[in-house]
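*Asks:* Curious how this folds, go ahead:
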Amino acid sequence: MVTVQEASCDERRSGSSGSTTSGLAWGHVAHNEAFDDVWSKILARRMVTAQVQLQPDSSSFTGTSEPSRTWRTCENAAVHSSAPALQPVQHDLTSAVMFQSFGWDSWQHSSCFYQYLQTRIPELQAAGVSHVWLPPPSHSVSPQGYMPDQLYDLSSAYGSQQQLVDCVAALKAAGIAAVADIVINHRCADEQDERGRWNCYHDKVPHAGPSLAWSKWAIAKYGSGDMFGGLGRADSHGACWAGAPNLDHSNPEVREGLVAWLRHLQNDIGFEAWRFDFARGYSSKYVRSYVDSTTSQFALNVGEVWVDLDWSGPGGTLAADQNTARQKLSQWCEGAGHRATVFDFVTKGVLTEAVRQTQYWRLRDAHGRPAGFVGWCPGQSVTFVDNHDTGSSQQHWPFPADRLALGYAYILTHPGVPCLFAEHYWGTRQGGADADLRDTINALLKARRRCGILSSSSVMITAADDDLYVATVDGQHGQLTVKLGPRWVARGWGWQRLVVPFMTGYPRHVATAGRASTTSLGVILCLAGQCTLAWPSRSVLTVWAQSN
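*Replies:* As a prediction, the model looks like this:
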């Protein structure tokens, strides 16, 4: 058995832990009748491909040290909350579960989005969600909220400021932390200069702290700076977003104004963590400054660092090695002083291709670890299946719609902080929820809690072939084994197969001998010693349970 001990992100990138992986050929065992016997011997002797000990890293936080919330009033934008001030929600972030509460079109909700979300809080509480990611709170040129102009105007297409305050307070009362979507890479201006360039800002809502009536000096002179007449430092910026003036975060006046606004969101509205939109647009060292000045490193802050993956595989397919993308995420976290996690776009890409193409070998890297960023820095990886950009009505990079539960079976049984998507759980404006998918997600969440899977749990990947992936994850309370792919690892290795029709109320029965059809998606979860959960392949629910 080969053990890969994680020590630091640098060692994970270079593979300098001193271990090398042997026996990787077991991930490509031919599918024949002898496979079951081989598999039985492998499990019995515990000769597995690799065992990855994912030790808690610097992002395995244990709580929050924020001060008590106080409610102030702002002239022309008064906050008069009927709810009492509540203490920040205390969470062990190693067991956190995030929930994105909105899709791209949620601003078009038939009533008020904030009020609608407030009615669904009991469901999230029952499911064990610890953090809810809300849409951008400020007034915006675009109704979705991603082109903000008046930051202190918190009446948006999603509802009024008071409705926002009430929703955040209700989340807090339910023991759920509210995460604000912070769009500070860019800010839309209010007026044009003498040359017709949009670079003159107003500050229409009275508030405490520095004025946000900025001018061209606040705009980075890089890419969009030429379009908007920016005079700020170009080297303060990363990737440029051309749709609006990109802010110069190296300017202390800009940072001072943004920190004051973030403190308003934290102290007056009740937000407890930040989701940094388009975080690749500015240096992560500024993220460190913003976090240290507001929520602190003990909150579930997360950056959207949408890295480019390597598509140099045969025929322009996704390459097997995504270490360059993983390294970029690692460098961003290190620049932020590990004050924030990142969305694991590497796992997103690898998992999407593995499921779409039935290429489950993609889920294991050359060192036997999970192939995404979660394989390097699990405590700093927020894993997800889709979000408002990749899926929803935009469909920039969607997960296969008929196999969504496969994606959730992976992220909810593996290390990292999983993030659920509201449209998968509640449906969209155009269509109702898939009750089967929601039930599956709830069962997966229950299995994760019951087994005590943490963001830093150990993973043992036993097989990763085209049509088969098997991994065992060590939780605080027991082991959980997950199998993905259409191939059965069936008889003779201490597990029995149970099959039930995938309809509520049907009795379970033990299946007869035989294999599943090759069209079956196939996912199974097991807790050591007993059956915990099964996974639907649309018409059949299949469960693997360990024999006593």
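*Asks:* Please make it C-alpha for all contacts and neighbour counts, starting now.
*Replies:* Will do.
*Asks:* okay, Ala443: pLDDT?
*Replies:* Ala443 carries a pLDDT score of 89 in this model.
*Asks:* Can you tell me how far it is from Ile176?
*Replies:* Distance of Ala443 to Ile176, computed by C-alpha to C-alpha, to the nearest Å: 20 Å.
*Asks:* between those two, who's got more neighbours?
*Replies:* The residue with more neighbours, out of Ala443 and Ile176, is Ile176; 25 against 19, by other C-alpha atoms under 10 Å.
*Asks:* which ones are touching the closest residue to that one other than its chain neighbours?
*Replies:* Excluding its sequence neighbours, the residue lying closest to Ile176 (C-alpha to C-alpha, 6 or more residues apart in numbering) is Ser130, at 4.9 Å. Ser130 sits next to 91, 96-98, 175-177 when contact means C-alpha atoms under 8 Å, 6 or more residues apart in numbering.
*Asks:* Just the mean pLDDT for the helix or strand that contains Val482, thanks.
*Replies:* Assigning secondary structure by DSSP states H and E places Val482 in strand 479-484. For strand 479-484, the mean pLDDT works out to 85.
*Asks:* One more: stretch 291-306?
*Replies:* Across stretch 291-306, pLDDT averages out at 95.
*Asks:* what's the span of it, first residue to last?
*Replies:* When the termini of stretch 291-306 are compared using C-alpha to C-alpha, they are 20 Å apart.
*Asks:* Please spell out which residues along it are buried.
*Replies:* Across stretch 291-306, burial judged by 16 or more other C-alpha atoms under 10 Å covers 291, 294-306.
*Asks:* what's the most distant pair in the residues you listed?
*Replies:* By the measure C-alpha to C-alpha, Thr294 and Trp306 form the most distant pair in the buried residues of stretch 291-306, at 24.3 Å.
*Asks:* Would you map the strands across the stretch 201-350 of the chain?
*Replies:* Listed in chain order, the strands found in the stretch 201-350 of the chain under DSSP state E, counting those that start in this stretch are 273-276, 302-303, 341-343.
*Asks:* ok, the first one: who's next to it in the sheet?
*Replies:* According to DSSP bridges, strand 273-276 forms sheet pairs with strand 177-182 (parallel), strand 302-303 (parallel).
*Asks:* picking up where we left off before, check the strands of the stretch 201-350 of the chain for me and report the most buried one.
*Replies:* Burial of these is given as mean neighbour count (mean count of other C-alpha atoms under 10 Å); strand 341-343 ranks first at a mean of 27.
*Asks:* Check which helices and strands that strand is in contact with.
*Replies:* strand 302-303, helix 323-335, strand 381-384 (3 or more C-alpha pairs under 8 Å, 6 or more residues apart in numbering; DSSP states H and E).
*Asks:* and the shortest one, how far from the chain's centre?
*Replies:* It stands for strand 302-303. In terms of C-alpha atoms, centre = their mean, to the nearest Å, the centre of strand 302-303 is found 9 Å from the chain centre.
*Asks:* orientation of the helix or strand harbouring Ala169 relative to strand 177-182 in degrees?
*Replies:* Using DSSP H and E, Ala169 sits within helix 161-173. Counting by axes from the mean of the first three to the mean of the last three C-alpha atoms, to 10 degrees, helix 161-173 lies at 140 degrees to strand 177-182.
*Asks:* now do the same end-to-end measure for stretch 406-415.
*Replies:* 16 Å.
*Asks:* Tell me which residues are up against it.
*Replies:* 351-352, 355, 374, 378-379, 383-385, 399, 418, 441, 444-445, 447-448, 453-459, 473, 480, 482, 484, 521, 523, 535.
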